[in-house]
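Participant: structure for this input, please:
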Amino acid sequence: MQKNKITPLLYKSFLLLYVCFSCLAWGCTEKEQGQVQSAEPDSLSLHFEQELLIGDDGGISQEPVLASPSEIRTDREGNIYIADTKLSAVQVFDADGNFLRSIGGAGGGPGEFGAINAIEINNKQALMTIDASNKRITHFSKTGEVLSNYNSAEGSVIWPQYFRQMDKGNFLILQKKREIPGIEDPEDLHIQSTMLHLYDSTFTHLASFGHIDSLMDSPSDFTKIYTSTTNAGNFWSSEEGAVWYAPPIYAGRLYKFRKEENGWTLAQTLRGQLLPEKPLELDSDMQGTMAIVIYTDEGMESGSAYMKSVSLGIFEMKDGGLIHLSSQLQDGQRKTIAEVFDDEGTLKGVGQLEKFTFEKTVQEPLIADIWKDKADRFYIIDERGTPAVRIGRIAGL
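Facilitator: Alright, predicted model coming up:
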């Protein structure tokens, strides 16, 4: 398996991101199994009811509690774990937002990080971190002691943007590997072209699924670079063991995968809110176009696009329904849109979260990550001004 040499902060090749925007149409080119065609959805009056704010505290704290938060998890007790890339640490708070401890720090020693790629609270309620720079996966106790390290063999783990522990202890990793010229092995080619990768508890590879060409119609060079370096989308593992996936550039389709006798297959395609325009324009000269240039051992790769519709997260609610959050360019603003589906996958309503509205020239929505706990509280990393985590519920669902 080839090592991905372009992931930011992980490898010696350089990743240069130039801010600017543009657009491309994505769709499902393979037969869409179990596709649900929704009737005209209701217009929902939604409101984010903030219950707690972490960060942006006006200097009350005596230490930099949050500098560059990137990902959030919660445990059964309601404790909040926030990965911070600038601090190279996981900041831990109790359910009331009181700072408890900082786990980690910059470095290569035990419990230190070269780069925090992803975090998870495992089935035993221990903190797990993935550090591709130090090429290891670390288990921490709740108080921050290192319980164990898993140092992977070269190329044996796809270093993710996002991962979750599923039933039976398996781990699902989200990452699109860069396509490296000259690869002929069928398994390596399959892994390079897929988005979701399943590993057992020892991080031995079990399966890969979610083919990029099936989920995104004729992906361009830009989209392949974007998904392998910046944003591979979002997924949520359901209580029944299925997996919901939302592509990063959102074109109104969500996908459900389920394990069958012949492996993981696409079981259902949901049609959400279809945009009147393409969700992405390639090679645009509009203000807010994103240009990506990467230098690898194989040479330079580049692409630019103006993105109009980006997925922010997909979540299963306590009642079995589904909610998908996206940032969509509408009426000259980047609006945060919520689509609500019932437990059968029918789109019931669409609404806007006014609190999270941005200018259309913003490269991407200033929301670094969204998490939802088992009580249907949402944790949103807001990057406007001083980074903060806003915790609350979406009223009107």
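Participant: residue ranges for the strands of the stretch 201-350 of the chain, please.
Facilitator: Here the stretch 201-350 of the chain has its strands, by DSSP state E, counting those that start in this stretch, at 205-211, 234-237, 243-246, 253-260, 263-271, 280-282, 290-296, 299-307, 309-316, 322-330, 333-341, 347-359.
Participant: can you tell me the strand partners of the third one and which way each runs?
Facilitator: Partners of strand 243-246 in the sheet, by DSSP bridges, are strand 234-237 (antiparallel), strand 253-260 (antiparallel).
Participant: how about these in TSV, adding distance to Leu198?
Facilitator: Glycine gets a C-beta too; all of them are placed from N, C-alpha and C. Below are these laid out as TSV (distance: least, C-beta to C-beta, whole Å):
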stretch	distance to Leu198
strand 234-237	11
strand 253-260	9
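Participant: name the next helix or strand following the lowest-mean-pLDDT helix or strand in the chain along the chain.
Facilitator: The helix or strand of the chain with the poorest confidence is strand 14-18; it has a mean of 34 (mean pLDDT, DSSP states H and E). Under the assignment DSSP states H and E, the closest C-terminal helix or strand after strand 14-18 is strand 42-44.
Participant: roughly how far out does that next one sit from the chain middle?
Facilitator: With C-alpha atoms, centre = their mean, to the nearest Å as the basis, strand 42-44 stands 26 Å off its chain's centre.
Participant: mind giving me the packing neighbours of it?
Facilitator: The contact analysis (3 or more C-beta pairs under 8 Å, 6 or more residues apart in numbering; DSSP states H and E) places strand 42-44 against strand 347-359.
Participant: let's see that with 10 Å instead.
Facilitator: strand 333-341, strand 347-359 (3 or more C-beta pairs under 10 Å, 6 or more residues apart in numbering; DSSP states H and E).
Participant: looking at the ones you listed, which is buried most?
Facilitator: By mean neighbour count, with neighbours taken as mean count of other C-beta atoms under 10 Å, strand 333-341 ranks first of the helices and strands packed on strand 42-44 at a mean of 22.
Participant: and the angle from that strand to strand 263-271?
Facilitator: Strand 333-341 runs at 110 degrees relative to strand 263-271, counting by axes from the mean of the first three to the mean of the last three C-alpha atoms, to 10 degrees.
Participant: quick one: strands adjacent to strand 333-341?
Facilitator: Partners of strand 333-341 in the sheet, by DSSP bridges, are strand 322-330 (antiparallel), strand 347-359 (antiparallel).
Participant: can you put the ones you listed in TSV and add mean pLDDT and distance to Val243?
Facilitator: As requested, the strands paired with strand 333-341 are arranged in TSV below (pLDDT from 0 to 100; distance: least, C-beta to C-beta, whole Å):
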stretch	mean pLDDT	distance to Val243
strand 322-330	94	12
strand 347-359	94	20
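Participant: who wins for proximity to Gln273 among these?
Facilitator: Shortest separation from Gln273 across the strands paired with strand 333-341 is recorded for strand 347-359, at 5.2 Å, computed as C-beta to C-beta.
Participant: show the contacting residues for Asn79.
Facilitator: 73, 92-95, 100, 121, 125, 127, 142 (C-beta atoms under 10 Å, 6 or more residues apart in numbering).
Participant: the residues you listed in strands, which ones?
Facilitator: 73, 92-93, 100, 121, 127 (DSSP state E).
Participant: do you know which of the strands paired with strand 243-246 lies nearest Asp376?
Facilitator: It's strand 234-237; of these, that one is closest to Asp376 (C-beta to C-beta) at 12.9 Å.
Participant: just give me how far the closest one sits from the chain centre.
Facilitator: Relative to its chain's centre, strand 234-237 lies at 8 Å (C-alpha atoms, centre = their mean).
Participant: hmm, which of the contacts of Asn79 is lowest in pLDDT?
Facilitator: Minimum pLDDT for the contacts of Asn79 is recorded at Lys142 (85).
Participant: let me have the helices and strands packed on strand 42-44 in JSON lines, extended by distance to Ser214.
Facilitator: Compiled in JSON lines, those are given as follows (distance: least, C-beta to C-beta, whole Å):
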{"stretch": "strand 333-341", "distance to Ser214": "21"}
{"stretch": "strand 347-359", "distance to Ser214": "21"}
